[in-house]
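> Generate coordinates for the sequence data below:
(chains A and B)
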Protein chains: 2
Amino acid sequence: MIMHHVVVVGAGFGGLEFTRALAGAPVRVTIIDRRNHHLFQPLLYQVATTSLATSEIAWPVRYLLRTRKEVTTLLGTVVGVDAEAKRVLLEGGDAIAYDTLVLATGARHAYFGHDEWEPFAPGLKTLEDATTIRRRILLGFEQAERESDPEKRRALMTLVIIGGGPTGVELAGTIAELARDTLKGEFRNIDTRDAKVVLVEAGERLLPGFKPELSAYAKDALQRLGVTVELGRPVSECNADGVVFGGVHLPAKTIIWAAGVAASPAAEWLGVAADRVGRIIVEPDLTVPGHPEIFAVGDTAHVAWTGGRLVPGVAPAAKQQGRHVAETVRKRLAGDAAPRPFTYKHDGDLATIGKRAAVIDFGRIKLTGWIAWWIWGIAHIYFLIGLRNRLTVSLSWLWIYSTGQRSARLITQGAQGGDDEADLPAGPHDARSLR
Amino acid sequence: MIMHHVVVVGAGFGGLEFTRALAGAPVRVTIIDRRNHHLFQPLLYQVATTSLATSEIAWPVRYLLRTRKEVTTLLGTVVGVDAEAKRVLLEGGDAIAYDTLVLATGARHAYFGHDEWEPFAPGLKTLEDATTIRRRILLGFEQAERESDPEKRRALMTLVIIGGGPTGVELAGTIAELARDTLKGEFRNIDTRDAKVVLVEAGERLLPGFKPELSAYAKDALQRLGVTVELGRPVSECNADGVVFGGVHLPAKTIIWAAGVAASPAAEWLGVAADRVGRIIVEPDLTVPGHPEIFAVGDTAHVAWTGGRLVPGVAPAAKQQGRHVAETVRKRLAGDAAPRPFTYKHDGDLATIGKRAAVIDFGRIKLTGWIAWWIWGIAHIYFLIGLRNRLTVSLSWLWIYSTGQRSARLITQGAQGGDDEADLPAGPHDARSLR
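Numbers count the residues shown, from 1 in each chain, chains lettered A, B, ... in the order given. Down below sits the predicted model:
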């Protein structure tokens, strides 16, 4: 008997959770990702800001699935889907036949028609993105230490973060602390506390998905850390000299893009309808219209929620969808093909501001300050996958918390400011909420 | 009064130890390195073989020297020395005047006239080298999992290490364990235990600097781990298909170069006599002939030892030389300009074979087996610089020792086998002995 073959594309939160939830089902599974590792994206900003090492937030996919003998993990890049022949097409010419296909291909940062900004304002989606940003932040201070021209020095010590969502808020707060605490006293020609950290947001408040009072708290907390918060200021230009927002040019050597994402090209592979940022507009049961054997989850899927909103692009949503699809596949294999609409359960939103404050929105309960920070920290350690990483991340954070020192202040890859790799990101989800 | 200005080029073991030993002297110090971090090179092979994270063996130079207010740390690449004007020339056009200059610029791997082999057989001197080798080792298994042609699969699962010194022995042993223990059972189409790990040495025994009985022990221990040891086999070709040694072509996808190093171009900067591998032939007091204000230490210096041998290119030798030069500079500042010849004190040699055995040669005492391994481990943890890294490295090793799992199995930079960066190494010393 030939087993039903399930192919999963993407080993982010959605694809991995689907695969886990399918344990014991009478199927063969092949999970394909273009990276060998699952990435815990909610902590990626901590790699970019020297707090955590890359290996503390990433695990080999095949290690995570090692006990599942019916699951084959493949490192490969999917370049298309032949829905008629039911085959996934890989770079290099291989094709893999499926009976059921789950697309969990995630999102990458997007520049909304300004791809030419990317070399000047890298985004944060992959481990390479994080080490690129880490290198740029640290190189700015290193070059300022050697620079005698005060104007050039000021530009080298100006860091601009574009986008006031959770990633932008977290980056701005941590970079401010890096300059004020961690690096303080290590330079002889500059004072790192003079660094200018600017958070630019096009909308009228930070954390637009949160309650307004939490947005206001985040703004105050960032300003207390010395961050300049610029609201209602759309960016109109990024280049090697700096950034233009609200008609003003700010000379800046380090610019980080946290302003937007677009879905993977999964909709193009299938030739189906997508929304403005490329997500497949799926049926209520998360199948692709016209293809009941193909599901899309996480950032690949456009799913309606309540009040005209969409299910947000966060890790818990992707995981819930993964579990839902696994249950649907199980039921189908048992002969129950009735559509099962997906319902999203929102657990809350949270974001940290440096190492002393956070904002949490559980709906009825809203928390700010140090107690929110501790809840954030404990929740994230809890959801880290491996026991060992929980231990080492706890140790890293305790160390930073008590000494102000950070463990991963390395300038690697093109140490002297050489070219960055333009590595396409690996799919998984952004993740900002609890669970 | 203008302070005496000491410029140190290179923040490896020699340059850093010199700077530390100079504490309290009435001088200004500038230490220049092209990397922002001091690298604990003796453990670099553990990054290449997925046991340790990059940040566990590297620390920012300016962090290590943060309390020394008279020391300025500069990230920069030295491209020459104007000995007449007493100025160090930096890439980009800057020049830094010195009164005393210490050249501690280290070595890089060398292909003895076959630089065309480098793309196929990367060496191991920098963090980027280590992550490049890590990526290649892991990618070989990933591609083998997808390969259906048995011949191609065999080449993908053949790993060749060229050079039977301590680095080659340590790499071969750890790679064999990776294939036999760590990765076992995680693949579905291949058995990683079928991997062929080959250690090729041109000479008649491994570890040529050690006593012959330790060489024999190392060979036996490697063979017990499944490593094929090829002695008396000079390599005559490396290319994309594999490697030719002793007239035989072995198809292999992963080749690692551990066969030789050459000194930095410091001798060329000064136009002084150098030995075959580029080390400056220094005076007995470690000054450069004709330039009493310029010292060379570590792999930059050719220094006679006993029995016609040279002081070996190991960390303890570089550190001893750094301390010796610091003492000479102190004496000179106090008015005592008498030459002070350097005498090397050899503490011992050691190398590990996997995670159960090591060889240690203390001269009178020779140790092998697990007790040598534990001494090796404790000694290395002791000599790691930061308290925190001692803790995290201990934790990493305990984890590997007890579970067989490794923490840093990440394929990063050019995840799909793209181009590697050709990053020039950063100077510091190879280090193989105790201290």
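> number of nearby residues for residue A:20?
By the criterion of other CB atoms under 10 Å in any protein chain shown, residue A:20 has 16 neighbours. C-beta here means a position set from N, CA and C on the backbone, and glycine is covered the same way.
> doesn't it fall inside a helix?
Yes. According to DSSP: H, G, I helix; E, B strand; the rest coil, the state of residue A:20 is that of a helix.
> Who are the contact partners of it?
The contact partners of residue A:20, by CB atoms under 8 Å, 6 or more residues apart in numbering or on different chains, come to residue A:322.
> Sketch out the strands for the stretch 101-250 of chain A, chain order is fine.
If you assign secondary structure with DSSP state E, counting those that start in this stretch, the strands in the stretch 101-250 of chain A sit at A:107-109, A:158-162, A:196-200, A:228-230, A:235-239, A:242-245, A:248-251.
> deepest of the ones you listed, which one?
Using mean count of other CB atoms under 10 Å in any protein chain shown, the stretch among the strands of the stretch 101-250 of chain A with the greatest mean number of neighbours is strand A:158-162 (a mean of 26).
> For that strand, give the mean pLDDT please.
Here strand A:158-162 scores 98 as its mean pLDDT.
> So which other helices or strands are in contact with it?
Of the remaining helices and strands, those touching strand A:158-162 by 3 or more CB pairs under 8 Å, 6 or more residues apart in numbering or on different chains; DSSP states H and E are helix A:166-177, strand A:196-200, strand A:242-245, strand A:248-251, strand A:254-257.
> for it, the distance to its chain's centre please.
Relative to the centre of its chain, strand A:158-162 is centred 18 Å away, using CA atoms, centre = their mean, to the nearest Å.
> Sheet-wise, list the partners of that strand with their directions.
Taking DSSP bridges as the criterion, strand A:158-162 sits next to strand A:196-200 (parallel), strand A:254-257 (parallel) in its sheet.
> rewinding a little: of the strands of the stretch 101-250 of chain A, which is nearest residue A:23?
Distance to residue A:23, taken as CB to CB, is lowest for strand A:107-109 among these, at 26.9 Å.
> Against which helices or strands is the closest one packed?
Looks like strand A:107-109 contacts strand A:261-263 (3+ CB pairs under 8 Å, 6+ apart).
> strands paired with the strand it packs on, and their directions?
Here, using DSSP bridges, strand A:261-263 pairs with strand A:107-109 (antiparallel).
> picking that back up, mind putting the helices and strands packed on strand A:158-162 into CSV with mean pLDDT?
Listed next are the helices and strands packed on strand A:158-162 as CSV, based on pLDDT from 0 to 100:
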stretch, mean pLDDT
helix A:166-177, 96
strand A:196-200, 98
strand A:242-245, 96
strand A:248-251, 96
strand A:254-257, 98
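> How about the contacts made by the residue nearest to residue A:110 when sequence neighbours are not counted?
Excluding its sequence neighbours, the residue lying closest to residue A:110 (CB to CB, 6 or more residues apart in numbering or on different chains) is residue A:262, at 3.5 Å. With contacts taken as CB under 8 Å, 6+ apart, residue A:262 has the following neighbours: A:107, A:108, A:109, A:110, A:277, A:278.
> CSV for the strands paired with strand A:158-162, including distance to residue B:34?
Converted to CSV, the strands paired with strand A:158-162 look like this (distance: least, CB to CB, whole Å):
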stretch, distance to residue B:34
strand A:196-200, 28
strand A:254-257, 20
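> Over to residue A:61: give its phi and psi.
The phi/psi pair for residue A:61 (degrees, to the nearest 10) reads phi -60, psi -40.
> Let me see the ranges of the helices in chain A.
When secondary structure is read from DSSP state H, chain A shows helices at A:13-21, A:44-48, A:61-64, A:127-146, A:150-156, A:166-177, A:212-224, A:266-270, A:315-333, A:369-383, A:387-403.
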